[in-house]
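1. Give the three-dimensional model of this entry:
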Amino acid sequence: MKTAPGIQSWQEVELKLALPGADPSALAQRLAQIPVMAKCKSTHLHLHNIYFDTPDSALRQQRVALRLRRLGDTGKPKWLQTLKVAGRSDSALSQRGEWETPVRSARLSLKGLQGTLWTDLDTDGKLFRALAPVFETSFERTVWLLRRTGGGVVEVALDIGQIVHGERSTPICELELELKAGPVAALFEVANKIATRIAVLPASASKAERGYALMQEAIHTALRARPQRLSAELTSAEMAQRVMQEMFSQFTCNLNTLLASDDPGVVHQARVGWRRFLSARRLFAPLLAPQPTPSWQALRALLTSLGRLRDLDVARIETLPALADAYIAAEPQRDELWQTMTLALLQAANLQRKAVRYALQDRAVGACLLALAQWLENLTESNAAESAAPQPKGSLRHWTQDRIRRLHEQLKLAGKNAESPGQQHRVRILAKRMRYNLEALESLLPRKQALRWQRQASTLQSRLGEVRDATQAAALVAELELDRGLAEFLRGLALGQNLKHLG
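-> The predicted structure follows:
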C-alpha cells in the first residue's frame with residue numbers, strides 16, 4: 001500500500017512500564033539521575049489527545065486507534081492526526097503500525113487517512129462519517145533520547161497526566177521506551193538499567209485501551225484468560241511464545257490493576273495468570289530446553305503475599321458466609337462473635353492488600369518481570385536458537401495431543417491413589433494444570449475430547465477446592481484467637497468435608 005504524500009508511516013516498537021508507588025512530581029528528577037540517562041538532555045512537552053470512534057466502537061473492535069494530538073498550549077498549537085493499528089497483543093513489547101499526518105485544526109481529515117490501512121476499513125466513507133470523540137488524554141511528557149553501543153537508539157518518555165471520559169478520569173504515570181534504531185535488545189537494556197533504580201512493572205495496556213476501559217467503567221476490573229486461536233502451521237517456539245505471553249500478560253495486567261483496585265477478583269486472576277504461565281512452561285519444557293527460564297526467586301515474597309490475600313478473600317467472601325446460619329442457629333448470641341470475626345478478617349485482608357502493593361514496589365520484582373518478558377520475546381528471536389531446540393515428532397498438533405494425553409493419564413493415576421490430604425492436594429494441582437493447558441491449546445485438540453476432559457478437571461478441582469478452602473478458613477480464624485469454640489466449630493466442619501471426600 002502506497003502512503004499518501006505528507007503522511008509518515010512506521011512500525012512502532014515500544015516497551016511500556018508502569019511506575020508503582022512513585023511520586024509523580026519527583027519522577028523526572030529521579031530518572032535524570034540514573035547513570036544511563038544522566039548525560040542526556042531532556043525535552044518537555046504538553047500533549048493533549050482526542051480519541052475518536054463510532055457509537056458501537058467499530059474501531060476498537062478492529063483494534064484500531066484514531067486520535068488528534070495537540071502539541072503546545074500557547075500561541076498557535078500544532079495538530080497531528082495519528083492512526084494506530086495494534087499488532088502483537090499480550091506482549092510487554094508492543095509492535096504497531098502507525099500513520100501520522102499534520103492537520104490544520106482539531107478536526108479529522110479523511111484525506112490524511114488515504115493511503116493507510118483506513119482505505120481497507122472504510123471503503124465507502126460511512127465509518128469516517130460516524131466518528132465522534134470518545135475520550136481524551138492530557139499529560140506532561142519528558143523525553144530523553146539515548147544512544148547505545150551497537151547502534152541502538154531508544155527514546156524514553158515519562159508521561160504524567162490523566163485520561164478523561166465525561167466526569168470520570170484515571171491517572172497516567174508511566175514510561176514508554178520506543179526503539180528508534182537498532183535491536184530490540186536495546187529497549188530491554190535501558191529498561192533493566194532503569195529498574196535497578198526505580199520500581200517498574202511491565203504494562204501492555206495502551207492509553208487507548210485504558211480509555212475504553214474507563215468508558216465501560218472497567219478500569220479496575222480483573223483481566224481473565226484470553227486463550228488464542230493457534231494454527232498447526234506455527235513452529236514450536238512460536239506456539240510456546242504466543243501461549244505463554246498471553247498468560248504472562250494476564251499476570252502482569254492484573255498486578256498493575258491491583259495497585260488501585262480492591263476487587264478480590266483482580267487478586268484471583270493475577271494468581272491464575274501466574275499458575276497458567278507455570279503450567280505452560282512445564283508443558284513446553286521439552287521444546288525449550290536450550291533456553292532456560294530466568295529465575296523468579298525475586299517474585300516469591302510477592303506470590304506468597306498474593307496467596308495469603310486470596311485465602312483471606314475466599315474465607316470471608318465465599319466459605320464462611322455459607323456457614324453463618326449453622327453456627328448461630330444453636331445459640332443466637334453467637335451472632336455478635338461471628339460479626340466480630342467477619343470484621344477481623346476484613347481488616348486482615350485490607351492489611352494484606354497493602355502488603356501486596358508494597359511488594360509491588362520492590363525493584364527486584366520489576367527487574368524479574370522484565371527478565372521474564374525479555375525471555376519470552378527471545379523465544380523466536382533467531383532460527384538458530386529454534387533449530388537447536390528439540391522439535392516435536394510429527395506435526396505440532398500431534399505433539400500437543402500427545403502431551404495433553406500424558407498429563408491426563410498422570411491425573412487419572414494420581415486420582416486413584418488420593419487417600420490423604422497431601423495426595424488430594426496433588427490431584428487438585430494436576431487438575432488445574434490440565435484445565436489451564438486444555439483451555440490454552442483447545443484449537444489444536446479434538447474438540448469433544450478436550451471439552452470432556454475440561455469438565456472432568458474443573459469438577460475435580462472444584463470438589464477438592466471446597467475441602468481446601470474450608471480447612472484454610474478454619475486455620476485463618478484460629479489465627480485471630482477470638483474464640484476457641486468458633487475455631488473448633490470451623491475445624492470440625494473442615495474435617496468432616498475432608499472425611500467425606502476421602503470416603
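2. Now do the SS call for residue 105.
-> coil (DSSP: H, G, I helix; E, B strand; the rest coil).
3. Quickly find the element holding the nearest residue to it once chain neighbours are set aside.
-> Leaving aside its chain neighbours, residue 105 sits nearest to residue 79 (6.1 Å; criterion: C-beta to C-beta, 6 or more residues apart in numbering). Yep, even glycine has a C-beta here, placed from its N, CA and C like the rest. With elements delineated by DSSP states H and E, residue 79 resides in strand 78-85, which encompasses its position.
4. Kindly export that strand (C-alpha atoms) in PDB.
-> Once side chains and other backbone atoms are set aside, the C-alpha atoms of strand 78-85 remain, and they are given as PDB (Å, rounded to 0.1, in the frame of the first residue of the first chain):
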ATOM      1  CA  LYS A  78       0.000  22.200  16.000                       C
ATOM      2  CA  TRP A  79      -2.300  19.300  15.400                       C
ATOM      3  CA  LEU A  80      -1.300  15.800  14.300                       C
ATOM      4  CA  GLN A  81      -3.700  13.000  13.200                       C
ATOM      5  CA  THR A  82      -2.500   9.500  14.000                       C
ATOM      6  CA  LEU A  83      -3.900   6.100  13.100                       C
ATOM      7  CA  LYS A  84      -2.500   3.200  15.000                       C
ATOM      8  CA  VAL A  85      -3.200  -0.500  14.300                       C
END
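5. Just grab the bridge partners of residue 93 for me.
-> Judged by DSSP bridges, the bridge partners of residue 93 are residue 15.
6. gap between it and residue 82?
-> Counting by C-beta to C-beta, to the nearest Å, the separation of residue 93 from residue 82 is 20 Å.
7. Compare neighbour counts for these two and give me the winner.
-> A direct count of neighbours by other C-beta atoms under 10 Å for residue 93 and residue 82 places residue 93 higher, at 22 against 17.
8. my read is residue 134 is in a strand, agree?
-> Yes. With three-state DSSP as the criterion, residue 134 is assigned to a strand.
9. The residue nearest to residue 105: neighbour count?
-> 18.
10. Likewise for residue 44?
-> 10.
11. my read is it is in a strand, agree?
-> Yes. Under three-state DSSP, residue 44 sits within a strand.
12. distance of the residue lying closest to it once chain neighbours are set aside from residue 291?
-> Of all residues beyond its chain neighbours, the one nearest residue 44 is residue 142 (5.5 Å), with distances taken as C-beta to C-beta, 6+ apart. Distance, residue 142 to residue 291, using C-beta to C-beta: 36 Å.
13. The two: which is more packed in?
-> For the pair residue 142 and residue 291, the greater number of neighbours falls to residue 142 (19 against 16), based on other C-beta under 10 Å.
14. The strand or helix carrying that one packs against which elements?
-> Secondary-structure assignment from DSSP H and E places residue 142 in strand 132-147. Secondary-structure packing of strand 132-147 (3 or more C-beta pairs under 8 Å, 6 or more residues apart in numbering; DSSP states H and E): helix 24-32, helix 35-38, strand 42-53, strand 153-165, strand 168-181, helix 207-215.
15. same thing but at 10 Å, please
-> The contact analysis (3 or more C-beta pairs under 10 Å, 6 or more residues apart in numbering; DSSP states H and E) places strand 132-147 against helix 24-32, helix 35-38, strand 42-53, strand 64-71, strand 153-165, strand 168-181, helix 185-195, helix 207-215.
16. quick one: the first one to strand 42-53, angle?
-> Direction vectors for helix 24-32 and strand 42-53, defined by axes from the mean of the first three to the mean of the last three C-alpha atoms, to 10 degrees, enclose an angle of 120 degrees.
17. Show me which residues of helix 24-32 are buried.
-> Of the residues in helix 24-32, those with enough neighbours to count as buried (16 or more other C-beta atoms under 10 Å) are 27, 28, 31, 32.
18. Report the two of those residues separated the most.
-> Taking every pair in the buried residues of helix 24-32 and measuring C-beta to C-beta, the maximum separation is 9.5 Å, between 27 and 32.
19. Okay, helices next: where are they in the stretch 251-400 of the chain?
-> For the stretch 251-400 of the chain, the helices defined by DSSP state H, counting those that start in this stretch occupy 264-284, 300-314, 324-330, 334-359, 363-378, 383-388, 396-416.
20. Strand partners (parallel or antiparallel) of the strand holding residue 79?
-> Based on DSSP bridges, the pairing partners of strand 78-85 within the sheet are strand 64-71 (antiparallel), strand 93-103 (antiparallel).
21. ok so, going back, mean pLDDT, mean neighbour count and distance to residue 168 added to the helices of the stretch 251-400 of the chain, as TSV?
-> As requested, the helices of the stretch 251-400 of the chain are exported to TSV (pLDDT from 0 to 100; neighbours: other C-beta atoms under 10 Å; distance: least, C-beta to C-beta, whole Å):
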stretch	mean pLDDT	mean neighbour count	distance to residue 168
helix 264-284	96	21	19
helix 300-314	97	19	26
helix 324-330	88	12	36
helix 334-359	96	16	22
helix 363-378	96	20	28
helix 383-388	43	12	46
helix 396-416	92	16	44
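22. Residue 440: how many residues sit nearby?
-> Here the number of neighbours of residue 440 (other C-beta under 10 Å) works out to 24.
23. For whichever strand or helix holds it, name the packing helices and strands.
-> For residue 440, the element it lies in under DSSP H and E is helix 421-441. With contacts defined as 3+ C-beta pairs under 10 Å, 6+ apart, the secondary structure elements packing on helix 421-441 are helix 236-258, helix 264-284, helix 396-416, helix 447-480, helix 484-502.
24. in it, what counts as buried?
-> For helix 421-441, the neighbour count (16+ other C-beta under 10 Å) marks 424, 426-438, 440-441 as buried.
25. out of everything not next to it in sequence, what's closest to residue 281?
-> residue 293 (6.1 Å).
26. So the one you found is in contact with residue 372, correct?
-> Yes. With contacts defined as C-beta atoms under 10 Å, residue 293 counts as touching residue 372 at a distance of 7.4 Å.
27. Report the set of residues contacting both of these two.
-> Listed contacts common to residue 293 and residue 372 are 244, 277, 281; contacts here mean C-beta atoms under 10 Å, 6 or more residues apart in numbering.
28. Residue ranges in the chain under the pLDDT threshold?
-> Under the criterion of pLDDT under 70, the regions of the chain flagged as low confidence span 1-10, 73-75, 87-90, 289, 382-394, 497-503.
29. Break it down into its domains, please.
-> If the domains of the chain are taken from automatic domain parsing, they occupy 8-219, 297-502, with pieces of a single domain joined by a plus sign.
30. what would the ones you listed look like in a markdown table with distance to residue 238?
-> Listed next are the domains of the chain as a markdown table, based on distance: least, C-beta to C-beta, whole Å:
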| stretch | distance to residue 238 |
| --- | --- |
| domain 8-219 | 11 |
| domain 297-502 | 6 |
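31. Of the ones you listed, which is nearest residue 262?
-> Proximity to residue 262 (C-beta to C-beta) singles out domain 297-502 among these, at 6.7 Å.
32. that older thread, okay, the helices of the stretch 251-400 of the chain in a markdown table with distance to residue 132 next?
-> Formatted as a markdown table, the helices of the stretch 251-400 of the chain follow (distance: least, C-beta to C-beta, whole Å):
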| stretch | distance to residue 132 |
| --- | --- |
| helix 264-284 | 31 |
| helix 300-314 | 40 |
| helix 324-330 | 50 |
| helix 334-359 | 37 |
| helix 363-378 | 36 |
| helix 383-388 | 46 |
| helix 396-416 | 45 |
